[in-house]
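K.L.:
quick one, structure for this:
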Amino acid sequence: MTETVISIKTEKTPNPNTLKYNFNRVILPTGSAEFLNEKSAKLSPLAARVFQIEGVERVFIGTDFIAISKLEGVEWSQINQYLAPKLEDFFESGEQAVAMTDDMQESINLDDMSDEEKETVKEIQKIIDEKVKPAVAQDGGDIVLAGYKNKIVYVKMLGACSGCPSAGATLKDGVENMMKYYLQDKVEQVVELKG
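P.N.:
Residues are numbered from 1 along each chain as shown. Purely as a prediction, here's the structure:
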């Protein structure tokens, strides 16, 4: 019987309080999940283990990585010294990184929208999926479409993007300009929803 060696590559993100840990395997086949505290991590055996480390503020799980945000004033060495055994324990367990539930998948309520608005939401989602998500995933984050009304696109920034000093510039200079370019008169502004 051969064992698969799991390699972990640590990568800095634009957020100084978040590090990205890349794995050589898929840990979450679809989507992403963010856990803001130990209580919320009950659906994630991986995040629950990481939250056992003192100083961890947030855990974001992507397809083949986790992004860990630390509390201000905590040194990365304090977290990293305990992380390897937690990850080893998780991978040896054979558990899923996240036990997905139906209510975890957020979706936009399209009921009160006109056909034109529904079509615009589809176009916005396509731009986010094809052009924005790959870029923010490289930095250990994710962006989720949270709503669209009166030519304003509402998004949630997750993982390393949440609380990042560059998030405002990413939204205005990147996402908003891209939306205005591709959707011209349908989008005037992109706004981040917190929490």
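K.L.:
so what are the domain limits for the protein?
P.N.:
With automatic domain parsing as the criterion, the domains of the chain are listed as 8-102, 106-192.
K.L.:
residues contacting the helix or strand of the chain with the lowest mean pLDDT, please?
P.N.:
Considering only helices and strands, the least confidently modelled element of the chain by mean pLDDT, DSSP states H and E is helix 167-169, at a mean of 78. Outside helix 167-169, the residues that touch it by C-beta atoms under 8 Å, 6 or more residues apart in numbering are 157, 161, 192. Backbone N, C-alpha and C define where each C-beta goes, glycine included.
K.L.:
for those residues, which one is nearest residue 97?
P.N.:
Checking the contacts of helix 167-169 against residue 97 by C-beta to C-beta gives residue 161 as the nearest, at 19.4 Å.
K.L.:
which residue is the nearest non-sequential neighbour of the closest one?
P.N.:
Ranked by C-beta to C-beta, 6 or more residues apart in numbering and with sequence neighbours excluded, the top spatial neighbour of residue 161 is residue 141, at 3.2 Å.
K.L.:
circling back to that earlier point, looking at the contacts of helix 167-169, which has the most residues close by?
P.N.:
Counting neighbours by other C-beta atoms under 10 Å, residue 161 leads the contacts of helix 167-169 with 28 neighbours.
K.L.:
and the helices in this protein?
P.N.:
Read by DSSP state H, the chain holds these helices, from start to end of the chain: 45-51, 76-93, 115-127, 133-138, 167-169, 177-183.
K.L.:
distance between the fifth one and the chain's centre?
P.N.:
When you say that, I think you mean helix 167-169. Here helix 167-169 is found 15 Å from its chain centre; the criterion is C-alpha atoms, centre = their mean, to the nearest Å.
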